[in-house]
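Undergrad: Return a 3D structure for these sequence lines:
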Amino acid sequence: MKHKIYTCDKTEERLLTPSLRALVKRAVKKALEYEGFERIAEVSVTAVDGEEIKRLNAEWRGNDSVTDVLSFPSLDDEDEIVAFDDEAIVLGDIVLCMTRCAEQAEEFGHSIEREVAYLTAHSTLHLLGYDHMAEDEDKEMTRRQGEIVSLLGL
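TA: Sure, this is the predicted structure:
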């Protein structure tokens with residue numbers, strides 16, 4: 001399936017390298033495939049620094065702190081998924097904090113690639129309607145993210 005996945009790097013240091021851009025796209029596609037999403041999806045992924053994600057987190061979530069990823073789903077529920085044969089379903093936007101990704105990769109003892117893929121899968125699941133407010137939801141999302149990252153070979 002030919003999903004439309006757009007990437008944008010708004011970091012001064014251009015931290016979203018070409019290989020990380022490709023990985024982000026693969027992670028979104030793999031999450032959609034894993035979830036059996038059978039329509040053409042449109043997703044935007046923007047890389048930002050800590051200052052920008054802190055601003056967005058404060059504006060949209062009322063949380064004045066740096067976070068690793070934010071998800072902005074376009075759909076409220078599955079009943080809204082209506083499109084003609086070859087139209088893309090706009091799932092929403094993902095904002096990745098690249099500096100936080102690097103910090104967490106070091107903290108958890110794995111590669112930046114694994115962290116970026118994990119957070120991209122996490123955020124894609126949010127775009128598809130998953131949440132992790134309750135403990136059982138959190139465990140389920142964590143399991144799914146882990147399986148998606150494993151399918152990517154990371």
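
Undergrad: Please pull out the lowest mean pLDDT helix or strand from the chain.
TA: The weakest-scoring helix or strand in the chain, judged by mean pLDDT, DSSP states H and E, is helix 135-151 (a mean of 91).

Undergrad: counting contacts, what elements does that helix pack onto?
TA: For helix 135-151, the elements it packs on are helix 18-34, helix 112-127, judged by 3 or more CB pairs under 8 Å, 6 or more residues apart in numbering; DSSP states H and E. Any C-beta I mention is one placed from the backbone N, CA and C, and that applies to glycine too.

Undergrad: Tell me the helices and strands packed up against the last one.
TA: In terms of contacts (3+ CB pairs under 8 Å, 6+ apart), helix 112-127 is packed against helix 18-34, strand 41-48, strand 69-73, strand 89-97, helix 98-108, helix 135-151.

Undergrad: returning to what we had before: deepest-packed of the helices and strands packed on helix 135-151, please.
TA: Neighbour counts (mean count of other CB atoms under 10 Å) averaged over each of those peak at helix 112-127, with a mean of 24.
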